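Engineer: requesting a structural model of the entry that follows:
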Amino acid sequence: MSGTRPTVFADGVIEAQVAHGVARITLAVTGSDNTAQPCATLCVPVTQMPALVNGMANLLRQIEERVRAQVQQQQAAAQPSASGGEAPASGAFKFEG
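Structural biologist: Residues are numbered from 1 along each chain as shown. Next up, the predicted model:
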């Protein structure tokens, strides 16, 4: 696919509906008044929902593993050492599904 792809930030889901074999998930962003405001609708064929959910679950597992490794690395760096330890990792990483 060429060209630019839209980027949507969402920190929640307002609602989800299924009609004619398509799940329509209304994504939300928390507003300044701490309420959910709709920001986009994700449309996914129901037949593809298991693959999407499994992909997200795998991503979450990888993130958890990475966070655990970073915490261990930071704890090890906090231990007194002659070398002074290493700088903590940036916290940004990329996964491909």
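Engineer: state the mean pLDDT of stretch 6-20.
Structural biologist: In this model, stretch 6-20 has a mean pLDDT of 96.
Engineer: what residues of it count as buried?
Structural biologist: For stretch 6-20, a neighbour-count test (16 or more other Cβ atoms under 10 Å) marks Ala10 as buried. (Each C-beta comes from the backbone N, C-alpha and C, glycine too.)
Engineer: now do stretch 61-77
Structural biologist: Counting neighbours, the buried set in stretch 61-77 is empty (16+ other Cβ under 10 Å).
Engineer: return the distance of the least confident helix or strand in the chain by mean pLDDT from the chain's centre.
Structural biologist: Among the helical and strand segments of the chain, the one scoring lowest on mean pLDDT, DSSP states H and E is helix 49-78, with a mean of 92. Using Cα atoms, centre = their mean, to the nearest Å, the distance from the centre of helix 49-78 to the centre of the chain it belongs to is 10 Å.
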